[in-house]
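Participant: Below: sequence and its predicted model.
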Amino acid sequence: MSKHQANGDLPDRVPVHLAIIMDGNGRWARERGLPRLAGHRAGTENLRRIIRACVEFGIKILTIYAFSTENWGRPESEVRGLLSILEQVIDRELDELHQQGVQLRHLGRLEGISPELQRKVRQAIELTKNNDRLILNVAFNYGGRDEILQAVRRMLADKVRPEDVTDELMSSYLYTAGLPDPDLIIRTSGELRVSNFLIWQAAYAEFYATPVYWPDFDKEELRKALIHYSRRERRFGVLKPETT
Ligand code: FPP
């Protein structure tokens, strides 16, 4: 029995790269008679706990879906609220994240965000760029198809020859360039959709869905998801030698 199993605490094999679709903030709030933004705030508090838990569990990369390109279609007050939450996270949490050794990255487009917020995002990325305990990719103003379209446009602009277009080249043109693909994608709140998240990178990711709303998805829930993952066998489309 491994050390991890022995203390009954940590799963045996943790993903290097975990991605999370943090869903259910709105329903969490509605069930409590609160405005949707209260759900997003509770979700943000939870994010803080989950980041800490990821560091503790030894996960090296965490990618979170915070705001999709489709989310601009939500009521203006909610969009403004989500943008201001992002700003508050940078203003209030950056020092602590930096101290924890978290390297912040942004996946998505900065256009559409105020110049002031763009500046803060860039500064946060610059400040934390040498941290290596956990890479935290924040997908904000992000869409998976949009990411692939951008990549194709840049390849054409770079005059890449058709025969040079490979898996590796495509990966190097994505926002996640240089990072391994996610091993596990968690979606909270019971939905079973990918919702335009990491379309290319998710090709062989394991998927874990739970009915728990994001604000309630605590360290214990994360542990459950990781234990589930550690028991799965990943085949990447290939059969095990003894079954061939
Ligand atoms: C989905 O719940 C959640 C979002 C669209 C936003 C997620 C954002 C946070 C948790 C805040 C942290 C963000 C930053 C900027 C770091 P939903 O509103 O779709 O819930 P519902 O499906 O129950 O309505």
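Facilitator: All right, it came through fine. In this text, all values refer to a predicted model and were calculated from it rather than measured experimentally.
Participant: Contact residues of this protein facing the ligand?
Facilitator: 22-27, 40, 43-44, 47, 66, 71, 85-86, 89, 138, 189, 214 (CB under 6 Å from any ligand atom). Every residue, glycine included, has its C-beta placed from N, CA and C.
Participant: pretty sure residue 83 is in contact with residue 116, am I right?
Facilitator: No. Using CB atoms under 8 Å as the test, residue 83 is too far from residue 116 to be in contact (10.6 Å).
Participant: Of those two, which one has the most company?
Facilitator: Each of residue 83 and residue 116 has its neighbours counted (other CB atoms under 10 Å); residue 83 has more, 17 against 9.
Participant: and that one, what pLDDT?
Facilitator: pLDDT recorded at residue 83 is 95.
Participant: what residues are up against residue 37?
Facilitator: Counting by CB atoms under 8 Å, 6 or more residues apart in numbering, residue 37 makes contact with 29, 77, 78, 81.
Participant: What strand or helix carries it?
Facilitator: According to DSSP states H and E, residue 37 maps onto helix 36-57.
Participant: which parts of that helix are buried?
Facilitator: By neighbour count on 16 or more other CB atoms under 10 Å, the buried set for helix 36-57 is 36-44, 46-47, 50-51, 53-55, 57.
Participant: ditto for stretch 101-112
Facilitator: Applying 16+ other CB under 10 Å to stretch 101-112 flags 102, 103, 104, 105, 106, 107, 108, 109 as buried.
Participant: and if you look at stretch 138-153?
Facilitator: 138, 139, 140, 141, 142, 143, 144, 146, 147, 150, 151.
Participant: Only C-alpha atoms, please: export the helix holding residue 37 in PDB.
Facilitator: Extracted C-alpha coordinates of helix 36-57, given in PDB (Å, rounded to 0.1, in the frame of the first residue of the first chain):
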ATOM      1  CA  ARG A  36     -26.900  35.400  -8.900                       C
ATOM      2  CA  LEU A  37     -23.900  37.600  -8.100                       C
ATOM      3  CA  ALA A  38     -23.900  36.300  -4.600                       C
ATOM      4  CA  GLY A  39     -23.500  32.800  -6.100                       C
ATOM      5  CA  HIS A  40     -20.500  34.000  -8.100                       C
ATOM      6  CA  ARG A  41     -19.000  35.600  -5.000                       C
ATOM      7  CA  ALA A  42     -19.500  32.300  -3.100                       C
ATOM      8  CA  GLY A  43     -17.900  30.500  -6.100                       C
ATOM      9  CA  THR A  44     -14.900  32.800  -5.900                       C
ATOM     10  CA  GLU A  45     -14.500  32.100  -2.200                       C
ATOM     11  CA  ASN A  46     -14.600  28.400  -3.100                       C
ATOM     12  CA  LEU A  47     -12.000  28.900  -5.800                       C
ATOM     13  CA  ARG A  48      -9.600  30.100  -3.200                       C
ATOM     14  CA  ARG A  49     -10.100  26.900  -1.200                       C
ATOM     15  CA  ILE A  50      -9.700  24.700  -4.200                       C
ATOM     16  CA  ILE A  51      -6.500  26.400  -5.300                       C
ATOM     17  CA  ARG A  52      -5.100  25.700  -1.900                       C
ATOM     18  CA  ALA A  53      -6.300  22.100  -2.000                       C
ATOM     19  CA  CYS A  54      -4.700  21.700  -5.500                       C
ATOM     20  CA  VAL A  55      -1.300  22.900  -4.200                       C
ATOM     21  CA  GLU A  56      -1.700  20.400  -1.300                       C
ATOM     22  CA  PHE A  57      -2.600  17.500  -3.500                       C
END
